[in-house]
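Structure of the sequence below:
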Amino acid sequence: MSYNPFSLVGKTILVTGAAGGIGRATSVECAKLGATLILTDINVEGLNETLGMLEGEGHTVEVANLTSQECLDDLVARLPKLDGFVSNAGVTKPMPVKFINKDDMERILSINTLAPVYLTQRLCRKKKLNEGASIVFTISVGGIYTTAPGNAMYGASKGALQVFMKNVALEMAPKVRCNSVNPGMVNTKLAGRSYSEEDMLKDMQTYPLKRYGEPQDVALAIVYLLSDASAWVTGHSLIIDGGKTLY
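Prediction:
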């Protein structure tokens, strides 16, 4: 047998936001490395498409609205013991500060911040995480740096999750590790809905590597944080941004 420190054989991993984008790419890469996946999203069609792309057997889907406390309770009650939890679900809506409104702010916080916080809380409280398990939050460089005008709501939601991640890492050590990946702009449907093609092509030139990331770029970093190759890494934010934040 060949040696592979990134192997996920024997690991059961929950992935939220698995119907597309980074969540889908993460699920596909984890399955290639031997993990058993539990995929969750509110998008039934997208979940089933992702399921059909996975290598191996034993993968399952859980359709769930993670902003609902009742749905969270039901989901966690059905889950087996986990070796990994990847929180991917997220939304954005660029808006100048003077136009921020209660409905948009509450929606973004509910999906980007509160849902992963409450799901993590339940996984810990119900002892659903095996010793040696790894939690990975997909956050954003926007959760660390001021990235662009109009990003205040999104940045605030991700910044809160950034601080939460570090506290989980502290409280759950040494039995459970917790880290984040913090991507720059990634080619996903979410990005395409938020910015015009012209703006995106112009912005790409501000990246030293002259391109946006692909979902797989982020997924492979998540694989590292889930695997035993990162056994001495916790509370860390892995920036994956094509050099954008070098300046």
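
Quick check: closest non-adjacent residue to V91.
Closest residue in space to V91, ignoring its immediate chain neighbours: I111 at 5.0 Å, by C-beta to C-beta, 6 or more residues apart in numbering. C-betas here are computed from N, CA, C, even on glycine.

Just give me the neighbour total for the one you found.
I111 has 20 neighbours, counted by other C-beta atoms under 10 Å.

Would you check that it makes contact with T92?
No: look at I111 against T92 with C-beta atoms under 8 Å: they stay out of range, at 9.7 Å.

Which residues are in contact with the residue nearest to V91?
Residues in contact with I111 (C-beta atoms under 8 Å, 6 or more residues apart in numbering) are L66, T67, A89, G90, V91.

of those residues, closest to R125?
Nearest to R125 out of the contacts of I111 is L66 (C-beta to C-beta; 16.1 Å).

Now the residue nearest to the closest one when sequence neighbours are not counted: which helix or strand?
Leaving out its chain neighbours, the residue that sits closest to L66 by C-beta to C-beta, 6+ apart is A115, at 4.0 Å. For A115, the host element (DSSP states H and E) is helix 115-125.

quick one: the top strand by length along the chain to helix 115-125, angle?
Secondary structure of the chain read by DSSP state E shows that its longest strand is strand 129-138. On the basis of axes from the mean of the first three to the mean of the last three C-alpha atoms, to 10 degrees, strand 129-138 is oriented at 170 degrees to helix 115-125.

Does anything pack onto strand 129-138? Which helices or strands?
strand 82-87, helix 115-125, helix 152-172, strand 177-183, helix 215-226 (3 or more C-beta pairs under 8 Å, 6 or more residues apart in numbering; DSSP states H and E).

Can you add mean pLDDT and distance to S2 and give the ones you listed back as JSON lines?
Output for those, formatted as JSON lines (pLDDT from 0 to 100; distance: least, C-beta to C-beta, whole Å):
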{"stretch": "strand 82-87", "mean pLDDT": "99", "distance to S2": "21"}
{"stretch": "helix 115-125", "mean pLDDT": "98", "distance to S2": "33"}
{"stretch": "helix 152-172", "mean pLDDT": "95", "distance to S2": "31"}
{"stretch": "strand 177-183", "mean pLDDT": "98", "distance to S2": "25"}
{"stretch": "helix 215-226", "mean pLDDT": "98", "distance to S2": "17"}
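
Quick one: closest of the ones you listed to G23.
strand 82-87 (7.4 Å).

Double-check the residue nearest to L66 against Q69; I have them as touching.
No: if you go by C-beta under 8 Å, A115 and Q69 don't touch, sitting 10.0 Å apart.
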